[in-house]
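[1] how would this look folded up:
(one chain, ligands or ions: 1)
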Amino acid sequence: MSERDAGARTVRVETSSRAYDVVVGAGVLDATGRIAREAAGGERCCVVTDSNVEALYAARVERSLAEAGYDVAERLAFPAGERSKTISTLGELLEGLARRELTRSDVVIALGGGVTGDMAGLAAALYLRGVRVVQVPTSLLAMVDSSVGGKTAVDLSAGKNLVGAFWQPSAVVADVRCLETIDHRLFTDSCGEVVKHAVLADGALLDELVAAPLNARDVDEARLVDVVARNVAIKRDVVSADERESGVRQTLNLGHTIGHAIEAASEFTLGHGSCVAAGLCMIARASERLGWCSGETRERIERCVIAHGLPTGCELPTEMLMHYMAHDKKRRGDGVNVIVPVEVGRCEVRRVSLDDLRQIVELGR
Ligand code: GLY
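    Numbering: from 1, shown residues only. As a prediction, this is how the structure comes out:
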């Protein structure tokens, strides 16, 4: 690491398909080339990014890649936003990689937020039946969640992330200085996933977040590095144990069963993290009433959500939420797995019927 990267943290992720480092630091963007070269090798690489991030960071990352000895192909950029996360854009990316003559030993650099990471990751998984990808997340949500663990996807008109693959990156480079340019509302929204991780596995982090909530305006770099690295370590522990989400990885969906329904019912006008926060509080309140968790656990969760200015519930009618939960891609047969916060640091997967789920939503209000 250079002097500017002092204080960077490396979290090693070991899954059954690949082991890789997640480097979290302030200024590590300029080390992308070296990290990619050491982790992925190859001769040629291509940066895939969106129109917003391209203007901010693409040239810098490409310089770092060229300095590390890569033959840097002309970048591929698509219009920023979830609307671009389609089979059609994916097709354009694949055609673009072919036109740039990337070979099996070459590397895709996914530079951007969750949409870019998911879509560039899927393009890498499919192109030539799989080429290496280095994830360079530039949003808080992508740093703490989507860039780690190998889930890649695009949306269909029937729902989000309905086409995808598990394709682990060769490395992840998370530069918290990229968060300086992030929209404050987006930063706050992403805190929903940070709170979720703390509830899953790190009670001390939860208490710290209550005492000093994350705020895009005044959070210092060292603290951001610490919080992001701890979130990555939490996710690492889960995906290392269950890469394909057949067991414990389902706990990462804490707050998501109801949260996804709120998100879809709001026609995606509410942010993902805000919906997860609301879903988290609703399952906590229902769990307390059903005797699955204590009032103290419910209160700790709500306190942290409130401290970040995130919603603790929603006004949408139960039947509307039920419609979306009944069509959720995670539904299995005629039941749904909900994640119950038994206590901070211990969550369980419980299978419930749709009727039980209706009761949970009502009790969670
Ligand atoms: N975001 C949940 C997971 O990666 O499994």
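
[2] spell out which parts of this protein neighbour the ligand.
    Residues of the chain lying close to the ligand by C-beta under 6 Å from any ligand atom are 145, 149, 151, 245, 249, 252. Just so you know, the C-beta spots here come from the backbone N, C-alpha and C atoms, and that holds for glycine as well.

[3] widest-spaced pair of those residues?
    With C-beta to C-beta as the measure, no two of these lie farther apart than 145 and 245, at 13.8 Å.

[4] those two - which one has more neighbours?
    residue 145 (26 against 17; other C-beta atoms under 10 Å).

[5] now do the contacts for the closest residue to that one other than its chain neighbours.
    With sequence-adjacent residues excluded and distances taken as C-beta to C-beta, 6 or more residues apart in numbering, residue 145 is closest to residue 193, at 4.9 Å. Contact analysis of residue 193 by C-beta atoms under 8 Å, 6 or more residues apart in numbering lists 141, 144, 145, 231, 272, 273, 276.

[6] would you point out the most distant pair within those residues?
    With C-beta to C-beta as the measure, no two of the contacts of residue 193 lie farther apart than 231 and 272, at 15.3 Å.

[7] okay, those two: which has more neighbours?
    A direct count of neighbours by other C-beta under 10 Å for residue 231 and residue 272 places residue 231 higher, at 27 against 23.

[8] that's a helix at the more buried one, yeah?
    Yes - counting by DSSP: H, G, I helix; E, B strand; the rest coil, residue 231 is found in a helix.

[9] ok, and the closest non-adjacent residue to it?
    Closest to residue 231 by C-beta to C-beta, 6+ apart is residue 144, at 3.8 Å.

[10] I'd guessed that neighbour sits against residue 192; true?
    No - using C-beta atoms under 8 Å, residue 144 is not in contact with residue 192, being 10.3 Å away.

[11] measure how buried residue 17 is and give me the count.
    By other C-beta under 10 Å, neighbour count at residue 17 equals 10.

[12] in which helix or strand would I find it?
    Residue 17 belongs to no helix or strand when assigned by DSSP states H and E.

[13] just the helices in the stretch 51-200 of the chain please.
    Assigned by DSSP state H, counting those that start in this stretch, the stretch 51-200 of the chain shows helices spanning 51-53, 59-67, 87-99, 114-126, 140-141, 184-201.

[14] and among those, the most buried is which?
    Ranked by average neighbour count under the criterion mean count of other C-beta atoms under 10 Å, the helices of the stretch 51-200 of the chain are headed by helix 140-141 at a mean of 28.

[15] now for that one, which elements pack on it?
    helix 184-201 (3 or more C-beta pairs under 8 Å, 6 or more residues apart in numbering; DSSP states H and E).
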